[in-house]
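# what follows is a predicted protein model with its sequence.
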2 protein chains.
Amino acid sequence: MAKIIAGKNGSKKEVISKTASKLFQQKGFSATSMRDIAETIGVEAPSLYNHISSKTELLQEICFRIANVFNAHMLDVENSKASLQVKLKKLISFHIRMIVTEYESVYISDHEWKHLPEPYLSNFKNQRKLYRARFANLILEGIKTNEFKKIDPPIAVLTILSAISGVESWRRSKKITDAAEVEKNMIAILLEGITQKQS
Amino acid sequence: MAKIIAGKNGSKKEVISKTASKLFQQKGFSATSMRDIAETIGVEAPSLYNHISSKTELLQEICFRIANVFNAHMLDVENSKASLQVKLKKLISFHIRMIVTEYESVYISDHEWKHLPEPYLSNFKNQRKLYRARFANLILEGIKTNEFKKIDPPIAVLTILSAISGVESWRRSKKITDAAEVEKNMIAILLEGITQKQS
DNA sequence: CCAAAAAACTAATAATCGTTAGTTTTGTTT
DNA sequence: AAACAAAACTAACGATTATTAGTTTTTTGG
């Protein structure tokens, strides 16, 4: 009856993927059925299989697309000639902007990856590990050049990435004015801390 | 055949709850079946219903138990006579220690609460909101007394709580030495920031 | 306008889900 | 040992799951 209408910018498969992203984020991957996705689009569940091959394929494409974007950006930052502090700011800023522009996908890549089937699961976990190692290495360099304090780099990475991922939960309850405000405050807290410097 | 063996410190129901917590954390609530829980204990699924009334009851008890613990601690901190900075440290420290000692339950309370049925879902979300408001108020007071910088309190709360919840993901891949080390570093980063103060 | 391809449909699969009913086994108390 | 309660079991329920097969409708291209 109803047909999947491809938006101006997006094939039919991308319509399915976008819808799946929304539902995976709202209800979780396991709690989202193919019928849920189909109903949201306005189509019967088996019709989806004319465009995709499986439910997990949807999850895979979301997770690895986001991973690739972050890996590519990390390479950019690494190759740039900025100071370590600027590099760190760039990374934090990019993460926040990604959450703002691609909320659902980033959320899924952060929280639903554990439902990936092997061998994709191991691959994904490995990429994640590697990304954090590169992040930690950047902080380590900053400590060496005395730009950063002598903190444990892995813990710093953990703290920064987790803090950023919290913006996801804000994004829904949008009490706070705009993304730039969040970015400014968060960078200030992470880089300069909360307590007042005694003058 | 096999019987649910109640550990020294825990009724049979608590054995089920502990097992469920482990599986809910590992696989997610929706992806965990009653048969999974039963098999882990070494019993048939219907036997569980001699001790519990439903699967969601398990989730409810986990989520609200953790919520109560945090609410009680918040009250303690509010009533204490310490400085705002010490109060903030107390809160951060307590969160990290809770994650260390009650990893699975805290994780579930943080990530699986969305599967709570109404009216428990609304109740839980409300408690969460209230807790954060109390946390934000604490920071606001600190800004007034000039102990803290002029940052947006809700964003600060978001940043702190998210950063802390990242310890959950560390807890599994325990590369880092011990909890005290994580706590020390994380408090240092959040309170004093990453960048070196220019002397 | 007709043919071919794309994409929808209905019907059905086997598997698994949480849970109930009814029965048997186990443990405790008198 | 007899009686009673607790807790296990088997069998089955109706619902839902992802997915396949086969068919019909719709869209596209010449």
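Sure thing, it's come through.

# any idea which helix or strand carries the residue positioned nearest the centre of chain A?
Nearest residue to the geometric centre of chain A (Cα atoms, centre = their mean): A:Val106, 2.9 Å. Assessed by DSSP states H and E, A:Val106 sits inside helix A:103-111.

# tell me what the next helix or strand after that helix is packed against?
Following helix A:103-111 in sequence order, the next helix or strand is helix A:120-144 (DSSP H and E). With contacts taken as 3 or more Cβ pairs under 8 Å, 6 or more residues apart in numbering or on different chains; DSSP states H and E, helix A:120-144 sits against helix A:55-79, helix A:84-101, helix A:153-165. Yep, even glycine has a C-beta here, placed from its N, CA and C like the rest.

# now the second one: mean pLDDT?
Spelled out, it's helix A:84-101. Per-residue pLDDT values over helix A:84-101 give a mean of 92.

# hang on, isn't A:Ile164 packed against A:Val100?
No: judged on Cβ atoms under 8 Å, A:Ile164 makes no contact with A:Val100 at a distance of 11.3 Å.

# can you pull the contacts of the closest residue to A:Arg134 other than its chain neighbours?
Nearest non-adjacent residue to A:Arg134, counting by Cβ to Cβ, 6 or more residues apart in numbering or on different chains: A:Met74, 5.5 Å away. Contacts here follow Cβ atoms under 8 Å, 6 or more residues apart in numbering or on different chains; on that basis A:Met74 touches A:Leu91, A:Tyr131, A:Arg134, A:Phe135.

# I'd say the last one and A:Ile164 touch.
No: with contacts defined as Cβ under 8 Å, A:Phe135 does not count as touching A:Ile164, sitting 11.2 Å away.

# more neighbours, these two?
Ranked by neighbour count (other Cβ atoms under 10 Å in any protein chain shown), A:Phe135 and A:Ile164 place A:Ile164 first, with 28 against 22.

# relative to DNA strand C, how far out is that one?
Between A:Ile164 and DNA strand C the computed distance is 33 Å (Cβ to the nearest atom of the strand, to the nearest Å).

# do the same with A:Lys114
16 Å.

# right, and that residue touches A:Leu121 too?
Yes: using Cβ under 8 Å, A:Lys114 is in contact with A:Leu121, at 7.4 Å.

# okay, and the common contacts of these two?
Common contact partners of A:Lys114 and A:Leu121 (Cβ under 8 Å, 6+ apart): none.

# and stretch A:150-162, average pLDDT?
Mean predicted lDDT for stretch A:150-162 stands at 91.

# tell me how far it lies from the chain's centre.
Taking Cα atoms, centre = their mean, to the nearest Å, the mean C-alpha location of stretch A:150-162 is offset from the chain mean by 18 Å.

# check contacts around the residue nearest to the centre of chain A.
So A:Val106 contacts A:Ile66, A:Met98, A:Ile99, A:Glu168 (Cβ under 8 Å, 6+ apart).

# ok, and the most crowded of those?
Most neighbours among those, by other Cβ under 10 Å: A:Ile99, with 23 neighbours.

# verify the stated contact: it with A:Ile164.
Yes: counting by Cβ under 8 Å, A:Ile99 touches A:Ile164, with 7.3 Å between them.

# in this structure A:Trp170 contacts B:Thr159, no?
No: if you go by Cβ under 8 Å, A:Trp170 and B:Thr159 don't touch, sitting 9.8 Å apart.
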